[in-house]
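Student: no sequence on hand, only this structure:
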Ligand SMILES: Cc1ncc(COP(=O)(O)O)c(C=O)c1O
Ligand SMILES: N[C@@H](CCCC[NH3+])C(=O)O
């Protein structure tokens, strides 16, 4: 369970009343629970406690500095995909020595920045990136620790837009090119081979694809050993799913147990890059009902939150639970919860049984990951405020954007 529960007739975030936070800070509003973030991180960390490991939280899921800082204080590492994310990690007090850098399109300035601060490992995704990194490191007089991200060609059984470990996806190096590229990496003077990594997709709800990928990675590690290349760590990526509706993803304990069986007896450090599993159910998105509109057999509940705030429903047809902050007695009816943005695809949920009136608050659950982080200013809508609750204390961890911030840097020509 998370820390967003009803007490009496109204929803709480830990010991803070959600309706009160909405009144104080306005809507739309993201609310995160520190206790839930910490519990999810510990669940991962403790699951693999018996084996050398590093949990590198995937910053892209929720990159608010306060979220990163809470995890950094637990000793977390971080998986980043840009120089911007590296800067955030450092601004939040994260340790660069626990940072792994993923991504198919790293730029020279990003490589330089990561080399200067001394990250744990570059997860290299192509032959061209390998050569570039060697050049940049040489120019700076550094040796870059590297892993090659291998595309294990397994079907993660998830939404096609968030599946990453199939041959047809842009990510990683094809398995049949892996050995040659590792040999090349080992021959380059400014690189040090450290590990292999993979990440096969997101919101996985079965263990099988993870274990298939691990088998393939371990077989590769054995072949590399025969060629004199010693691999120190296996980075299995992120991807563990969460319950949005009725999914039953494996608990990190079960995942770790199965994985540890496979690596038993090997002096191989394990790296994990969980994003969603840590952040999704640590957050809710609160929005106010503006108007109701009845169209024949359907009711539109028009709210002040929109696809620019939370794009997952529009982008992936993702289902996230929508609950009343303070439920009413009485009959519900079938509703589409839609935002003010001028797009037919602007909805937070379709065909939901709700009983609401104008002025009510709704909470979209499981919004802590890929929520605010994917938000935009489309329709010149300021991005929502973000609150972190810790017991009975609620703090603004990002102010609501002001309109003037939205055109900062623009200019009118004479
Ligand atoms: C390389 C990499 N690592 C980790 C993650 C985090 O994934 P998730 O949020 O599914 O755990 C992603 C995103 O899917 C990713 O691309
Ligand atoms: N943004 C996606 C997940 C993509 C993960 C990024 N590698 C989601 O909301 O489900």
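Tutor: All right, it came through fine. Remember, it's a predicted structure, so these values are computed and weren't measured experimentally. Numbers count the residues shown, from 1 in each chain. Ligands and ions are numbered 1, 2, ... in the order given.
Student: what about residue 309, neighbour count?
Tutor: Applying other C-beta atoms under 10 Å, we find 29 residues neighbouring residue 309. From N, CA and C alone the C-beta is placed, and that goes for glycine too.
Student: next helix or strand past the helix or strand harbouring residue 135?
Tutor: Using DSSP states H and E, the element containing residue 135 is helix 127-140. Going down the chain from helix 127-140, the next helix or strand is strand 144-151, by DSSP H and E.
Student: direction included, what does that following strand pair up with?
Tutor: Next to strand 144-151 in the sheet, as set by DSSP bridges, lie strand 121-124 (parallel), strand 173-174 (parallel), strand 191-197 (parallel).
Student: picking up where we left off before, in the helix holding residue 135, what counts as buried?
Tutor: 129-130, 132-134, 136-137 (16 or more other C-beta atoms under 10 Å).
Student: briefly note if it comes near ligand 1.
Tutor: No. Under the criterion of C-beta under 6 Å from any ligand atom, ligand 1 is not reached by helix 127-140; the shortest gap measures 13.9 Å.
Student: what's that helix packed up against?
Tutor: helix 108-117, strand 121-124, strand 144-151, helix 175-187, strand 191-197 (3 or more C-beta pairs under 8 Å, 6 or more residues apart in numbering; DSSP states H and E).
Student: can you put the ones you listed in TSV and add distance to ligand 1?
Tutor: Below are those laid out as TSV (distance: least, C-beta to the nearest ligand atom, whole Å):
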stretch	distance to ligand 1
helix 108-117	15
strand 121-124	7
strand 144-151	7
helix 175-187	17
strand 191-197	8
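Student: so residue 285 sits against residue 30, correct?
Tutor: Yes. Using C-beta atoms under 8 Å as the test, residue 285 is close enough to residue 30 to be in contact (5.6 Å).
Student: give me the common contacts of the two.
Tutor: Contact criterion C-beta atoms under 8 Å, 6 or more residues apart in numbering; residues shared by residue 285 and residue 30: 367, 371, 384.
Student: assumed the first one was part of a strand.
Tutor: The one in question is residue 367. No. Read with DSSP: H, G, I helix; E, B strand; the rest coil, residue 367 is coil and lies in no strand.
Student: in this structure, where's the longest helix?
Tutor: The single longest helix within the chain, with elements called by DSSP state H, is helix 208-226.
Student: so which bits of it are buried?
Tutor: For helix 208-226, burial by neighbour count (16+ other C-beta under 10 Å) applies to 209-214, 216-218, 220-221, 224.
Student: now pLDDT and distance to residue 301 too, for those residues, in CSV please.
Tutor: Converted to CSV, these look like this (pLDDT from 0 to 100; distance: C-beta to C-beta, whole Å):
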residue, pLDDT, distance to residue 301
209, 94, 37
210, 96, 38
211, 96, 42
212, 94, 42
213, 96, 41
214, 97, 44
216, 96, 47
217, 97, 47
218, 98, 50
220, 98, 51
221, 98, 53
224, 98, 56
